[in-house]
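1. from the sequence below, what's the structure:
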Amino acid sequence: MNDVPANPGSAAAVTEQPVTPVISAQTIVPAATIAPSLAGRAVATVAAAGDLQPARGIGVLIVNLGTPDAPTPVAVRRYLKQFLTDPRVIEKDSVFWKMALNGVILPIRSRRKARDYQNIWNRDKDESPFKTITRSQAEKLAGILEPLGKHVIIDWAMRYGSPSIASRLEVMVSSGCERILVMPLYPQYSAATTATVCDEVFRFLMRQRRQPAVRILPAYYEDPYYIEVLASSLKAELRALPFTPDVIVASYHGMPKDYVAKGDPYQSQCVRTTELLRKQLGFDERKLMLTYQSRFGRAQWLEPYTLNTVRALARKGVKNLVVVMPGFSADCLETLEEIAVENARVFKCAGGQNFVAIPCLNDSEAGMLMIWQLAMRELKGWV
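-> Below you'll find the model as predicted:
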């Protein structure tokens, strides 16, 4: 999903030395294994589409949630403030909330999260892995869509932090894009993710006298190819492990229960994705469990909580555990730190032995073919 604040103090009871992130090597499943001849057909399909259409400016904007510009308290605080003051994310506007945010939450969490970011920071590019992967996704999609012509522009943006959605839309419009496809890479819809991306796009459009036509990628939580890619990639990762997991946990980003009660479909879509994944893999609810991570604050969030589940499984005698995160399109703080480090530490302290966090689809061949298929589906009639 994104680099969203995780549950404060959730591992306070753990006292052993920090655990090195345990992320299994990303195994790229050959495209032919996932969908026969799809990789070969991708360029041919794009080229054929390009031959039939006039050269009008078309933009494709990949959007993820965001990340700080640096692993420092100042940069993290700036990012967190932008994120936590979005009314789509925190549906509070009380004086008490504002005082708590500025007086307690931001000062404390900025320092704590800055340390976490330092542990996962991409030193070569001086940026978070989340930003590195999102950029690579856009660059690889541009390569796949290149046969459509130079009038098709592929770019990427972050809802919070940089590059901003407005800045990249401005570049597209200035470059002559009359039609723009915005692709929020959130498989499951929620007001706190997809909707706030739309809000930002629409705010940009409100300032334009000549507005481009805009399409928004809908949630793809039950898209057959998304499910097939998730299952195939997970199978490949499991085959590469030196152990057989007793249980696999599908961990999704959490949400306050109150948001679901107000009509947010996020929980039902997470459930549906997990049901389809179980069916594809031939697992039951005991083998592939659904949990929610990254709880923030004192409100009641969707349950069961990932951290509590991981601890409980270890105490019940589960020795080998694998966690997959179907709701995240790219590895970020929540996957690389919260799951691969914090949850691994809690699992082992409670008696577990082997713990592996499965990488997200990221910019792998399988992941890019999925993004290509979603883009081409939404571009119909334009290319």
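2. ok, now how distant is Pro163 from Asn64?
-> Pro163 sits 11 Å away from Asn64, going by C-beta to C-beta, to the nearest Å. Every residue, glycine included, has its C-beta placed from N, CA and C.
3. any shared contact partners between these two?
-> Taking C-beta atoms under 8 Å, 6 or more residues apart in numbering as the contact rule, Pro163 and Asn64 both touch Trp156.
4. measure the nearest residue to Met158 once chain neighbours are set aside to Phe202 for me?
-> Across the structure, with C-beta to C-beta, 6 or more residues apart in numbering as the measure, the residue nearest Met158 apart from its sequence neighbours is Gly66 (4.1 Å). Per C-beta to C-beta, Gly66 is found 18 Å from Phe202.
5. pick out whichever of the two has more residues nearby.
-> Neighbours of Gly66 and Phe202, each counted by other C-beta atoms under 10 Å, are more numerous for Gly66; the result is 24 against 11.
6. about what we covered before: so Pro163 and Asn64 - more neighbours on which side?
-> When Pro163 and Asn64 are compared for neighbours, Asn64 comes out ahead with 29 against 15, by other C-beta under 10 Å.
7. show me the contacts for that one.
-> Going by C-beta under 8 Å, 6+ apart, Asn64 touches Asn2, Phe130, Thr134, Trp156, Met158, Arg159, Pro184, Leu185, Ser329, Ala330.
8. show me what the fourth one is bridged to.
-> Beta-bridge pairing for Trp156 (DSSP bridges): Ile62.
9. ok, it touching Ile62?
-> Yes. Between Trp156 and Ile62 there is a contact under C-beta atoms under 8 Å: 4.4 Å.
10. spit out the residues that contact those two alike.
-> What both Trp156 and Ile62 touch, as defined by C-beta under 8 Å, 6+ apart, is the set Thr134, Gln137, Ala138.
11. what residues are up against the second one?
-> Right, Gln137. Applying C-beta under 8 Å, 6+ apart, one finds that Gln137 lies in contact with Ile62, Trp156, Leu185, Ser329, Ala330, Asn362, Asp363, Gly367, Met368, Ile371.
12. sorry, back to before: ranking the contacts of Asn64 by neighbours, who comes first?
-> Across those, neighbour numbers were computed from other C-beta under 10 Å; Phe130 holds the maximum, 32 neighbours.
13. where does pLDDT dip in the chain?
-> The chain contains residues with pLDDT under 70 at 1-55.
14. and if we set it to 50?
-> With pLDDT under 50 as the threshold, the chain has low-confidence stretches at 1, 5-39, 41, 43, 50, 52-54.
15. follow-up on the earlier one: nearest to Glu275, of the contacts of Asn64?
-> Distances from Glu275 to the contacts of Asn64, taken as C-beta to C-beta, are shortest for Ser329 (20.0 Å).
16. go ahead and confirm the closest one touches Tyr186.
-> Yes. Counting by C-beta under 8 Å, Ser329 touches Tyr186, with 7.3 Å between them.
17. first-to-last residue distance for stretch 243-252?
-> Start and end residues of stretch 243-252 are separated by 24 Å (C-alpha to C-alpha, to the nearest Å).
18. now do the buried residues in that stretch.
-> Taking 16 or more other C-beta atoms under 10 Å as the basis for neighbour counts, the residues of stretch 243-252 that come out buried are Pro245, Asp246, Val247, Ile248, Val249, Ala250, Ser251, Tyr252.
19. also stretch 78-86?
-> Of the residues in stretch 78-86, those buried under the neighbour-count criterion (16+ other C-beta under 10 Å) are Arg78, Tyr79, Leu80, Lys81, Gln82, Phe83, Leu84, Thr85, Asp86.
20. export those residues to a markdown table and tack on secondary structure?
-> Shown next, in a markdown table, are the buried residues of stretch 78-86 (DSSP: H, G, I helix; E, B strand; the rest coil):
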| residue | secondary structure |
| --- | --- |
| Arg78 | helix |
| Tyr79 | helix |
| Leu80 | helix |
| Lys81 | helix |
| Gln82 | helix |
| Phe83 | helix |
| Leu84 | helix |
| Thr85 | coil |
| Asp86 | coil |
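21. would you convert the residues you listed into TSV that also reports distance to Leu238?
-> Conversion of the buried residues of stretch 78-86 to TSV gives the following (distance: C-beta to C-beta, whole Å):
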residue	distance to Leu238
Arg78	40
Tyr79	35
Leu80	36
Lys81	40
Gln82	38
Phe83	34
Leu84	37
Thr85	41
Asp86	37
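22. kind regards, and thank you for your time.
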